[in-house]
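Enquirer: have a look; sequence and predicted model below, questions after that.
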Amino acid sequence: MEKELDKVVEEIMSTPNVAGCLVADHQGLCLASKGTAHVDSAGLIVALSEQACKIEPNLKPPTVCLETDNKLCLIQRHGTITGAVFKQKGVA
Amino acid sequence: MQSDGEESLLHSCFGSLRSAVMGCCYSICQKETDPQENVVNERTHLLEVPEQQQETPSPTACASTPPRKPDEQSALNRILHETATNVIDVGALGPYSLEAGAYSERVRAYTARAATAALPPPMPAKLLADLPPAIRRQVLVAPPMTHSDKELITNAVKKAASAISELRVEHHEDLVVPFRVP
């Protein structure tokens, strides 16, 4: 049933510098996870994006970016699905 | 009669003690080991019950009607007192409290020992810490996210959402099947 979703996740993983990818539903259930993304982090990621949406409820869902020195995690919501992409920071 | 009352009380005490202390009564009533053996194990009889008064194996019968003999009284008493001295009734100990002198002495002793132990102070958990103002300004001024990253995540999530909306169950067989019992 999830062939399409797997294809999309594979496509994301094949992007250069991407180390992990995670897709979760509105309740925090992990639908797909690959690479360095951990299944257990789905709930946390969804909660973060939910809280971020509350900052400006009238605007469309914001993108949350968690940065460290070398890596970053991008989180965004689209409808009921929240996606997260873990990638290495591009050489600046 | 007082002696009868005492005797029945002793018997009931003995009965409950026996079930508590010696486990299964059945193992006591059963005579499986050689009585001539002098080895003390879980099967040795505490009371010397003579052959002619052996009960038929029955756990409840054993517990409620032990063989009645006069010299059994002393044996019952002995067992009762042995168990009473061995049993520690935690519930009846009552509240335990230290005297003021003993308490302050212990405080002194423990603080002295803790001081000599020399543990490092526990590190405070650092989940989120404020950056110093200089670095803060630098970080806030820097561009938030590259445009390509933004595109990446937006497209990724859009595609994932559309892929999930296409999830559907593929019917191969009937779900409801009639039982054809001949």
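Expert: The structure has been received and is ready for your questions. Numbers count the residues shown, from 1 in each chain, chains lettered A, B, ... in the order given.

Enquirer: got the contact list for B:G94?
Expert: Taking C-beta atoms under 8 Å, 6 or more residues apart in numbering or on different chains, we find B:G94 in contact with no residue. No exception for glycine: its C-beta is placed from N, CA and C like everyone else's.

Enquirer: secondary structure element for it?
Expert: For B:G94, there is no host helix or strand (DSSP states H and E).

Enquirer: separation between it and chain A?
Expert: Distance from B:G94 to chain A, counting by C-beta to the nearest C-beta, to the nearest Å: 49 Å.

Enquirer: spell out which parts of chain B neighbour chain A.
Expert: Counting by C-beta under 8 Å from any C-beta of the partner chain, the residues of chain B close to chain A are B:144-146, B:149-150, B:152-154, B:156-161, B:163-164, B:166-170.

Enquirer: got a quick PyMOL command for the buried subset of these?
Expert: PyMOL command restricting the residues of chain B next to chain A to the buried ones, with burial defined by 16 or more other C-beta atoms under 10 Å in any protein chain shown:
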select buried, chain B and resi 149+152+153+156+157+158+159+160+161+163+164
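
Enquirer: among the residues of chain B next to chain A, which are located in helices?
Expert: Among the residues of chain B next to chain A, the members falling in helices (DSSP state H) are B:149-150, B:152-154, B:156-161, B:163-164.

Enquirer: A:K34 belongs to a strand, doesn't it?
Expert: Yes: using DSSP: H, G, I helix; E, B strand; the rest coil, the assignment for A:K34 is a strand.

Enquirer: residues touching it, list them.
Expert: Neighbour list for A:K34: A:9-10, A:12-13, A:20-22 [criterion: C-beta under 8 Å, 6+ apart].

Enquirer: can you tell me which of these are buried?
Expert: Buried residues within those, counting neighbours by 16+ other C-beta under 10 Å: A:9, A:12, A:20-22.

Enquirer: restrict those residues to contacts with chain B.
Expert: With C-beta under 8 Å from any C-beta as the criterion, the buried ones among the contacts of A:K34 include A:9, A:12, A:21 near chain B.

Enquirer: element containing the first one?
Expert: Applying DSSP H and E as the criterion places A:V9 in helix A:3-13.

Enquirer: elements contacting that helix?
Expert: For helix A:3-13, the packing partners by 3 or more C-beta pairs under 8 Å, 6 or more residues apart in numbering or on different chains; DSSP states H and E come out as strand A:18-24, strand A:30-35, helix B:147-165.

Enquirer: TSV for these, including distance to A:K89 and mean pLDDT?
Expert: Listed next are the helices and strands packed on helix A:3-13 as TSV, based on distance: least, C-beta to C-beta, whole Å; pLDDT from 0 to 100:
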stretch	distance to A:K89	mean pLDDT
strand A:18-24	11	96
strand A:30-35	16	95
helix B:147-165	9	93
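
Enquirer: so which of these gets nearest A:N58?
Expert: Nearest to A:N58, of all those, is helix B:147-165, at 19.0 Å by C-beta to C-beta.

Enquirer: neighbours of B:Q138, just the number please.
Expert: Using other C-beta atoms under 10 Å in any protein chain shown, B:Q138 has 10 other residues around it.

Enquirer: is it true that it lies in a helix?
Expert: Yes: assigned with three-state DSSP, B:Q138 falls within a helix.

Enquirer: which residues touch the lengthiest helix in chain A?
Expert: Using DSSP H, we find that the single longest helix of chain A is helix A:42-55. Contacting residues not belonging to helix A:42-55 are listed as A:22, A:24-30, A:33, A:61-62, A:64, A:75-77, A:82, A:84 [C-beta under 8 Å, 6+ apart].

Enquirer: in it, what counts as buried?
Expert: Using 16+ other C-beta under 10 Å as the test for burial, helix A:42-55 gives A:42, A:45-46, A:48-49, A:52-53.

Enquirer: which one of the ones next to chain B among the buried ones among the contacts of A:K34 is nearest to chain B?
Expert: Comparing those against chain B with C-beta to the nearest C-beta places A:I12 closest, at 4.8 Å.

Enquirer: that's all I had, so thanks and see you.
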